[in-house]
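> here is my input, please return the structure:
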Amino acid sequence: YYLTDIVGLAKKNNYKIDYVESDFFTTFGINTGEELSIAENYFQNLLRKKFISSGVRLLDPKSVFFSYDTKIGKDVIIEPNVFFGPNVIIKNNVHIKAFSHIEGVKILDNAVVGPFARLRPGTVIGPNSHVGNFVEIKKTHIQKNSKVNHLSYLGDSNIGENVNIGAGVITCNYDGSKKNKTTIEDNVFVGSNVSLVAPIKLNKNSIVGAGSVITESVKENALAVERNEQKTFPNYKKNRKK
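Now for the predicted structure:
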């Protein structure tokens, strides 16, 4: 049976028939994938108009997709090709750059996200913090004024204030059976291409040298570096030809 069969059934059984006049798309029937796509497009346009009218700046409205429950504050800029999944809250003066995928996330005032960022459920981006290109973050709370600018993965982590995460930093949160936590306290500097093997804690004001695999917690104000000794073979290319 289709919903529209009610009219015929009511008439057959001598029930009173009445009607309510409405917009066509409000009661648009969805019986095929194509009709579902048409309805979704209509719904997205309603959301785009709502956000634009409330002061959100969409640089290319037709390429931005919202969830039914997306919440956005004032003076927010959203660049093209951004996708919002369920449960996203964006506060004021946030800038979302192009090609970012965001779901289950709270982004606080003056934060900058993207381009090409993926923010997964359970993540909070603190005020004035930056999440840059090709960064993936999952179930992580980043406090204010911290930066994860490029090519990094943070999972199951707590990141303090004024933290700098270098390019290529990875939290090794999964040991094959369970997820482990990484804690990085205030004013920590993590160099490029560092692997943090959780569970681990980097205490305040500590520094981790680039290229390190860190398996033990780092004390406050300490420098941690883990690298093999470099070996150099002179004239290697010339000798190899012989």
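
> any buried residues in the lengthiest helix in the chain, and which?
Criterion DSSP state H: the longest helix present in the chain is helix 33-53. The neighbour-count check on helix 33-53 (16 or more other Cβ atoms under 10 Å) flags 47-48, 51 as buried. C-beta: built from backbone N, CA, C; applies to glycine.

> other residues contacting it?
When contacts are defined by Cβ atoms under 8 Å, 6 or more residues apart in numbering, helix 33-53 is touched by residues 25, 28-30, 58, 61-62, 64-66, 68, 70, 72.

> what does stretch 209-219 give?
166, 191-197, 200-203, 206, 208, 223-227.

> any idea of the mean pLDDT in it?
The average pLDDT for stretch 209-219 rounds to 97.

> starting at the chain centroid, how far to that stretch?
Centroid separation for stretch 209-219 versus its chain: 26 Å, with Cα atoms, centre = their mean, to the nearest Å.

> run through the protein and note the low-pLDDT ranges.
Applying pLDDT under 70 to the chain flags residues 238-242.

> ramachandran angles for residue 62?
With angles defined as degrees, to the nearest 10, residue 62 sits at phi -70, psi -20.

> count of neighbours near it?
11 (other Cβ atoms under 10 Å).

> sorry, back to before: narrow the contacts of stretch 209-219 to just the buried residues.
The buried subset of the contacts of stretch 209-219 - by 16+ other Cβ under 10 Å - is 166, 191-197, 200-203, 206, 208, 224.

> those in strands, which ones?
Counting by DSSP state E, the part of these found in strands is 195-197, 200-202, 208, 224.

> tell me which two in the residues you listed are the farthest apart.
Farthest apart among these by Cβ to Cβ are 195 and 201. That separation is 15.2 Å.

> can you list the buried residues of helix 33-53 in a markdown table and add distance to residue 119?
A markdown table is the format used below for the buried residues of helix 33-53 (distance: Cβ to Cβ, whole Å):
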| residue | distance to residue 119 |
| --- | --- |
| 47 | 19 |
| 48 | 21 |
| 51 | 18 |
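
> and which of those is nearest to residue 159?
residue 51 (28.9 Å).

> just give the nearest non-adjacent residue to residue 195, would you?
Nearest non-adjacent residue to residue 195, counting by Cβ to Cβ, 6 or more residues apart in numbering: residue 213, 4.6 Å away.

> separation between the residue most central in space within the chain and residue 103?
Centroid-nearest residue in the chain: residue 119, 1.3 Å away (criterion: Cα atoms, centre = their mean). For residue 119, the distance to residue 103 (Cβ to Cβ, to the nearest Å) stands at 7 Å.

> in this structure, which spans are helices?
Along the chain, the segments classed as helices by DSSP H run 5-12, 33-53, 236-241.

> and those as CSV, adding distance to residue 77?
Converted to CSV, the helices of the chain look like this (distance: least, Cβ to Cβ, whole Å):
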stretch, distance to residue 77
helix 5-12, 47
helix 33-53, 11
helix 236-241, 50
